[in-house]
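In: build me a structure from this.
(2 chains)
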Amino acid sequence: MTQEKRLAGKLVLPGDVLDSDVQGERPFVVEEGGVKRATVIGLVREGEGGKKSFVRLKGVYVPKPGDVVIGMISGVGVMNWFVDINSPYTAVLNVQDFLGRPYNPAYDDMSVLLRIGDYIKARVVAFDRTRNPLLTVQGKDLGRITSGVVVEIAPSKIPRVIGRKRSMITMLEEKTGCSFFIAVNGRIHVECPSREMEAVAVIAIKYIEQEAHTAGLTERVMRLIEEEKSIREVS
Amino acid sequence: MVVKKPEGLVLITPEGLRHDGRRPDELRPIKMEVGIFKNADGSAMVEYGKTRVIAAVYGPREPIQKFPLLPDKATLRVRYHMAPFSTEERKNPAPSRREIELSKVIREALEPIVLTEEYPRTVIDIFLEVIQADGGTRTAAVTAASLALADAGVPMRALVGGVAVGKVDGVLVVDIDETEDMYGEADLPVAAAPDIGLVTLLQLNGVMTREEFSRALDMALTAISKIVEMEKRTLRSGYVEAGGSEL
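Out: Predicted coordinates:
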């Protein structure tokens, strides 16, 4: 990988004025006094039809209702668990929302359902400025993670792992044969046919995180996977 | 405090140069670096001549003790501290009155810049450690904090920079060092965000006439524009070096 790399868009810094047609959400783009400014380091990328959007390269994950996240159980309450969702706010998962029925302490034992350190896939039900996020695992593909690995990257780099029209993730799935569950809070659940392939998939994800600001990334990741596969003698 | 000038020390030469050979409007050689610590969310090092400050930013995060939390915005916590070895004589590592006050002053210089209202009930910790002190440590600390906040991805309205203007032998000089601070007549530290035209820190130690003050402020703002440009180059270079050429 010696060829020259290019940035995937125009680099902007906090305080830089953006064109009025650049799309971006608060707090990463703010409009004060009729002037749009970036507030974090990011890229202005041009999409189809010349639509310009601001993509941040830094920053923490702030939950939104409806988000699907991968959380780690960090504490146990009387009727709920505390879940680390890689955010400044600790999430809460009520035991009824885990069981899908009322909790009866006479025959339900919380300590065998989930333990500290367990990973869960969950959906954010409610979150606002005054209360911590509330999770549920009622839904398709949600619940405790029992196999595979969870890889953690910066939440701001998640869009690059998915790629435009899912290009990156489709390529990853094809090349490695693994399945990827991407959560918006920067955690990715990877399940692979073999340990070797798992290592290749993790290396590829970490590479995407490191190079998220460069152009032509899918190509390079593809080559990286081929190289790693030949080193590990897997196909 | 008036300190007697040592004999033979010439602060302003007949040619109008300063004791270290700089012109009155000349900054010291400035060096900046970002991302120096892996464990922090954001970090930076700033050198103004012999003054060197390192900054580390953590957050927004949930603090271990909940009492500093505010219901409507993030709490900024700033710790400005001088290392025991940073001065000529050993400095007691316990936070002094001066350090506690400067922590507050620097916090207030950053508060209007950071979008704290976006992260209620969290804290943003900023640790500023003076590794070597040679005058202008608070302004170098503001600059380092601004870089580290940008590196951490904390939303901020603009980048801030700081510089101190002094009056030495009746001449206004920019970016004063320890010697000029000690034997000069006045010291005016300023921090500002030139992109949004905001002055966030303004102190004055000593006496200046109205005319001198307005000239000193202009000099400071010109110097800060240069410093913020340097900050931008530093932040940019991290990506351009890692990612190749810019589009």
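In: residues in contact with the closest residue to chain A within chain B?
Out: Distances between chain B and chain A by Cβ to the nearest Cβ are smallest at B:G153, namely 2.6 Å. Where C-beta positions appear, they are placed from N, C-alpha and C, glycine not excepted. Applying Cβ atoms under 8 Å, 6 or more residues apart in numbering or on different chains, we find B:G153 in contact with A:V40, A:I41, A:R56, A:L57, A:K58, A:G59, A:V60, A:S156, B:D41, B:G42.
In: what count of nearby residues applies to the residue nearest to A:L99 when sequence neighbours are not counted?
Out: Closest residue to A:L99 apart from its sequence neighbours, by Cβ to Cβ, 6 or more residues apart in numbering or on different chains: A:D108 at 6.8 Å. For A:D108, the neighbour count with other Cβ atoms under 10 Å in any protein chain shown is 15.
In: and A:D108, what element?
Out: Taking DSSP states H and E as the definition, A:D108 sits outside all helices and strands.
In: ok, it touching A:V95?
Out: Yes: here A:D108 lies in contact with A:V95, judged by Cβ atoms under 8 Å, at a distance of 7.3 Å.
In: what parts of chain A come near chain B?
Out: Contact residues (Cβ under 8 Å from any Cβ of the partner chain) of chain A with chain B: A:4-7, A:9-11, A:13-17, A:26-28, A:30, A:32, A:37, A:39-41, A:56-60, A:62, A:88-90, A:129-130, A:156, A:210-211, A:213-215.
In: any idea how chain A splits into domains?
Out: According to automatic domain parsing, chain A comprises the domains A:3-56, A:68-144, A:149-232.
In: picking up where we left off before, only whichever of the residues of chain A next to chain B are buried, select them in ChimeraX.
Out: Remark: buried members of the residues of chain A next to chain B, expressed as a ChimeraX selection using 16 or more other Cβ atoms under 10 Å in any protein chain shown:
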select /A:5,6,7,9,10,11,13,14,15,16,27,28,30,37,39,40,41,56,57,58,59,60,62,88,89,156,211,213,214,215
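In: in strands only, show me the residues of chain A next to chain B.
Out: A:K10, A:L11, A:V17, A:V30, A:E32, A:R37, A:R56 (DSSP state E).
In: nearest to B:S146, of the residues you listed?
Out: Checking these against B:S146 with Cβ to Cβ, the nearest one is A:R37 at 15.1 Å.
In: and stretch B:225-239, what's buried?
Out: B:I227, B:V228, B:M230, B:E231, B:K232, B:T234, B:L235, B:R236, B:G238, B:Y239.
In: quick one: contacts of it?
Out: For stretch B:225-239, contacts defined as Cβ under 8 Å, 6+ apart pick out A:7, A:11, A:13, A:41, A:57, A:213, B:27, B:30, B:32-35, B:143, B:146-147, B:150-151, B:159-163, B:193-195, B:246.
In: buried subset of the residues you listed?
Out: The buried subset of the contacts of stretch B:225-239 - by 16+ other Cβ under 10 Å - is A:7, A:11, A:13, A:41, A:57, A:213, B:27, B:30, B:32-35, B:143, B:146-147, B:150-151, B:159-163, B:193-195.
In: follow-up on the earlier one: want to throw the contacts of B:G153 into TSV with pLDDT and distance to B:V199?
Out: Shown next, in TSV, are these (pLDDT from 0 to 100; distance: Cβ to Cβ, whole Å):
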residue	pLDDT	distance to B:V199
A:V40	96	23
A:I41	95	24
A:R56	92	28
A:L57	92	29
A:K58	91	26
A:G59	91	27
A:V60	94	29
A:S156	93	31
B:D41	95	27
B:G42	96	24
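In: got CSV for those residues, with distance to A:A201 too?
Out: Shown next, in CSV, are those (distance: Cβ to Cβ, whole Å):
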residue, distance to A:A201
A:V40, 29
A:I41, 28
A:R56, 25
A:L57, 23
A:K58, 25
A:G59, 25
A:V60, 25
A:S156, 21
B:D41, 26
B:G42, 29
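In: those in helices, which ones?
Out: Among the contacts of B:G153, DSSP state H puts none in helices.
In: which one of these is nearest to A:V200?
Out: A:S156 (24.0 Å).
In: doesn't A:L57 make contact with the closest one?
Out: Yes: the criterion here is Cβ under 8 Å, and A:S156 meets it with A:L57 at 5.9 Å.
In: okay, and the common contacts of those two?
Out: Both A:S156 and A:L57 are in contact with A:A212, B:G153, where contact means Cβ under 8 Å, 6+ apart.
In: mind checking the SS state of the residue nearest to B:E129 when sequence neighbours are not counted?
Out: The spatially closest residue to B:E129, leaving aside those adjacent along the chain, is B:I54, at 5.1 Å (Cβ to Cβ, 6+ apart). Secondary structure assignment for B:I54 (DSSP: H, G, I helix; E, B strand; the rest coil): strand.
In: again with B:K167
Out: Following three-state DSSP, we place B:K167 in the strand state.
In: pretty sure it is touching B:D181, no?
Out: No: assessed by Cβ under 8 Å, B:K167 is found out of contact with B:D181, at 10.8 Å.
In: torsion angles phi and psi at the closest residue to chain B within chain A?
Out: Closest to chain B within chain A is A:K58: 2.6 Å, counting by Cβ to the nearest Cβ. Torsion angles at A:K58 (phi, psi; degrees, to the nearest 10) stand at phi -140, psi 170.
In: try A:R220
Out: phi -70, psi -40.
In: which residues in chain A form helices?
Out: A:95-99, A:110-113, A:158-162, A:167-176, A:195-210, A:217-232.
In: now the shortest one: how far from the chain's centre is it?
Out: To tie it back to what came earlier, the one meant is helix A:110-113. 27 Å (Cα atoms, centre = their mean, to the nearest Å).
In: could you dump the helices of chain A into CSV and include mean pLDDT and distance to B:T122?
Out: Converted to CSV, those look like this (pLDDT from 0 to 100; distance: least, Cβ to Cβ, whole Å):
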stretch, mean pLDDT, distance to B:T122
helix A:95-99, 94, 25
helix A:110-113, 91, 28
helix A:158-162, 93, 21
helix A:167-176, 94, 31
helix A:195-210, 94, 24
helix A:217-232, 92, 32
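In: how about TSV for these, with distance to B:E15 added?
Out: TSV is the format used below for the helices of chain A (distance: least, Cβ to Cβ, whole Å):
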stretch	distance to B:E15
helix A:95-99	78
helix A:110-113	80
helix A:158-162	56
helix A:167-176	62
helix A:195-210	52
helix A:217-232	56
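In: in TSV: the domains of chain A, plus distance to B:P6.
Out: Formatted as TSV, these follow (distance: least, Cβ to Cβ, whole Å):
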stretch	distance to B:P6
domain A:3-56	43
domain A:68-144	52
domain A:149-232	52
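In: looking at these, which is nearest to B:K66?
Out: Of the domains of chain A, nearest to B:K66 by Cβ to Cβ is domain A:68-144, at 11.3 Å.
In: and the closest one, end to end?
Out: Length of domain A:68-144, first residue to last, Cα to Cα, to the nearest Å: 13 Å.
In: tell me how far that domain lies from the chain's centre.
Out: Its chain's C-alpha centre and that of domain A:68-144 lie 18 Å apart, by Cα atoms, centre = their mean.
In: show me where chain B has its helices.
Out: Secondary structure of chain B, counting by DSSP H: helices at B:97-110, B:137-152, B:178-183, B:210-243.
In: CA atoms of the second one as CSV?
Out: Spelled out, that is helix B:137-152. Extracted as CSV, the C-alpha positions of helix B:137-152 are listed here (Å, rounded to 0.1, in the frame of the first residue of the first chain):
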residue,chain,number,x,y,z
THR,B,137,2.0,29.8,30.5
ARG,B,138,-1.7,30.6,30.8
THR,B,139,-2.0,31.7,27.2
ALA,B,140,0.0,28.7,26.0
ALA,B,141,-2.3,26.5,28.2
VAL,B,142,-5.4,28.0,26.5
THR,B,143,-3.9,27.3,23.1
ALA,B,144,-3.1,23.7,24.1
ALA,B,145,-6.6,23.2,25.6
SER,B,146,-8.2,24.4,22.3
LEU,B,147,-6.1,21.9,20.3
ALA,B,148,-6.8,19.0,22.7
LEU,B,149,-10.6,19.8,22.6
ALA,B,150,-10.6,19.7,18.8
ASP,B,151,-8.6,16.5,18.9
ALA,B,152,-11.1,15.0,21.3
